[in-house]
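Chemist: heads up, no residue letters with this:
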């Protein structure tokens, strides 16, 4: 061995990053090999030739941002946050995480805080606040929000499309009904009685219900169905303090708002998880937020435990109970829901839940549920409510509308409340949640 190769010589590592610089390498960015599968699965790119697609919005833009004086491209606002690119990517690149981060950076650094667009987006993103206020005077709010001149003014002055009718606010919110029914104490009594009828012994079965904004303020029938179905199987429910899941905030680049809400949800739901509860959501966007987007975007104590113990409602019952068996022995006698046009929400697909409603109802007598294809509904939460995005959202939804009209009957079915809005808007059909069908069959 020569002197030059002596083991006593110290190795001098190459300095890749200066000591004062933190390496900022987004996990997964370099796993993208530009196959463009995400672009071909993007519903926005399919109808808007000017949209560069998820590949550019994600890893390519992230690489560009590593250069100095490069700002986030304003096309990031055209992304609808449907998250189809996540499930399409063969390399598991965290595309939606990149999009959410880039959108927040664009809002923080590029979008004027005095612009009507910013405040329009902020109002839409914080739907829970306006819904809370409207729920105090629901009849007045319903009349005012759908008053022709008011809708015209909101369209022309604020950029909220006048083409859509605003969803009605319930005269009694889900939480008001829940308290009137006895809250957690009432649920405990009903669940115990159900377990006795079913001949079940052993430990208590208990879940924490994350109802989200829409089931609380607009469609409490979904929340009621959730409670009745779970109590039928002997589950005791609690409905903890909660805020918005954050989904509309992610889509509008309001990550600070989303984190404030997430901290409340992780605290209240996480405490219950520690006590042995599982977190259950009836909205697939809410379950997606709690189990995927929270741990991707935020660093909050208990966030991983909550994510690991969050379930979509039917998914949970399929795993924990013989839901299929009970439905196959049941009959639905309501002719209004005999023929159902089922649309699987994009956020259900991302969780691998897109076919479960069809499988569940395949052997349910009195119900024929038909898939209306794998197209996106197009509304994507607040996206289709923006005047400049309305035409795009309807073009995306065209395929779904056509397939719905091919199904006998005029009732649709989906787990997503905003998909339900789009389905009703495009066809005039009444839209049901799968939990409401299960309730009709078993309860």
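Modeler: In hand now; what should we look at? Everything numeric in this text was worked out from a predicted model, so none of it was measured.
Chemist: Every contact and neighbour count from this point should use C-alpha atoms.
Modeler: Will do.
Chemist: low-scoring stretches of the stretch 51-200 of the chain, by residue?
Modeler: Along the stretch 51-200 of the chain, the model assigns pLDDT under 70 to residues 66-69.
Chemist: Show me the helices in it, by range?
Modeler: Using DSSP state H, counting those that start in this stretch, the helices of the stretch 51-200 of the chain run over 54-55, 61-65, 84-88, 95-109, 116-125, 127-134, 138-145, 148-153, 174-180, 183-198.
Chemist: Can you give me the buried ones in the fifth one?
Modeler: What it means is helix 116-125. Residues of helix 116-125 classed as buried: 117, 118, 120, 121, 122, 124, 125 (neighbour count, 16 or more other C-alpha atoms under 10 Å).
Chemist: what's the answer for stretch 289-298, then?
Modeler: In stretch 289-298, the ones that count as buried by 16+ other C-alpha under 10 Å are 289, 290, 291, 292, 293, 294, 295, 297.
Chemist: from the chain's centre, how far out does it sit?
Modeler: Centroid displacement of stretch 289-298 relative to its chain, using C-alpha atoms, centre = their mean, to the nearest Å, is 11 Å.
Chemist: Ends of that stretch, what's the gap?
Modeler: 11 Å (C-alpha to C-alpha, to the nearest Å).
Chemist: I'd like to know the average pLDDT value across that stretch.
Modeler: Averaged across stretch 289-298, pLDDT comes to 95.
Chemist: Might one say that residue 344 is in contact with residue 417?
Modeler: No: applying C-alpha atoms under 8 Å as the test, residue 344 and residue 417 come out as separate, 11.6 Å apart.
Chemist: re earlier: will you turn the buried residues of helix 116-125 into JSON lines that also has distance to residue 257?
Modeler: Below are these laid out as JSON lines (distance: C-alpha to C-alpha, whole Å):
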{"residue": "117", "distance to residue 257": "17"}
{"residue": "118", "distance to residue 257": "14"}
{"residue": "120", "distance to residue 257": "15"}
{"residue": "121", "distance to residue 257": "12"}
{"residue": "122", "distance to residue 257": "9"}
{"residue": "124", "distance to residue 257": "12"}
{"residue": "125", "distance to residue 257": "9"}
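Chemist: can you name the two of these that are farthest apart?
Modeler: Within the buried residues of helix 116-125, 117 and 125 form the most distant pair, 11.9 Å apart (C-alpha to C-alpha).
Chemist: Residue 334: neighbour count?
Modeler: 12 (other C-alpha atoms under 10 Å).
Chemist: Likewise for residue 142?
Modeler: Residue 142: 18 neighbours (other C-alpha under 10 Å).
Chemist: how near is it to residue 441?
Modeler: 32 Å.
Chemist: And the pLDDT at the spatially closest residue to residue 81 that is not a sequence neighbour?
Modeler: Leaving aside its chain neighbours, residue 81 sits nearest to residue 251 (5.6 Å; criterion: C-alpha to C-alpha, 6 or more residues apart in numbering). At residue 251, the model reports a pLDDT of 95.
Chemist: which ones are touching residue 251?
Modeler: Residues in contact with residue 251 (C-alpha atoms under 8 Å, 6 or more residues apart in numbering) are 80, 81, 100, 103, 125, 382, 383.
Chemist: Dump those residues to CSV, plus distance to residue 310.
Modeler: Putting the contacts of residue 251 into CSV (distance: C-alpha to C-alpha, whole Å) gives the following:
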residue, distance to residue 310
80, 24
81, 21
100, 21
103, 26
125, 23
382, 24
383, 26
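Chemist: What about those, which one has the most neighbours?
Modeler: residue 103 (28 neighbours).
Chemist: Residue 111 is in contact with that one, correct?
Modeler: No: taking contacts as C-alpha under 8 Å, residue 103 lies outside contact range of residue 111: 10.2 Å.
Chemist: residues shared between the contacts of these two?
Modeler: Common neighbours of residue 103 and residue 111 (C-alpha under 8 Å, 6+ apart) do not exist.
Chemist: and the spatially most central residue of the chain, how far is that from residue 364?
Modeler: Geometric centre of the chain, nearest residue: residue 285, 1.2 Å, by C-alpha atoms, centre = their mean. With the distance defined as C-alpha to C-alpha, residue 285 ends up 26 Å from residue 364.
Chemist: how about the strands in the stretch 301-443 of the chain?
Modeler: With DSSP state E, counting those that start in this stretch, the ranges of strands along the stretch 301-443 of the chain come out as 310-312, 339-342, 368-371, 411-413, 430-432.
Chemist: so which of those gets nearest residue 405?
Modeler: For residue 405, the closest of these is strand 339-342, at 8.4 Å, according to C-alpha to C-alpha.
Chemist: Which parts of the stretch 301-443 of the chain are helices?
Modeler: Listed in chain order (using DSSP H, counting those that start in this stretch), the helices of the stretch 301-443 of the chain are 303-308, 313-320, 323-328, 346-349, 356-361, 390-406, 417-427, 434-442.
Chemist: Summarise which helices and strands the second one is packed against.
Modeler: On a contact count with 3 or more C-alpha pairs under 8 Å, 6 or more residues apart in numbering; DSSP states H and E, helix 313-320 meets strand 278-281.
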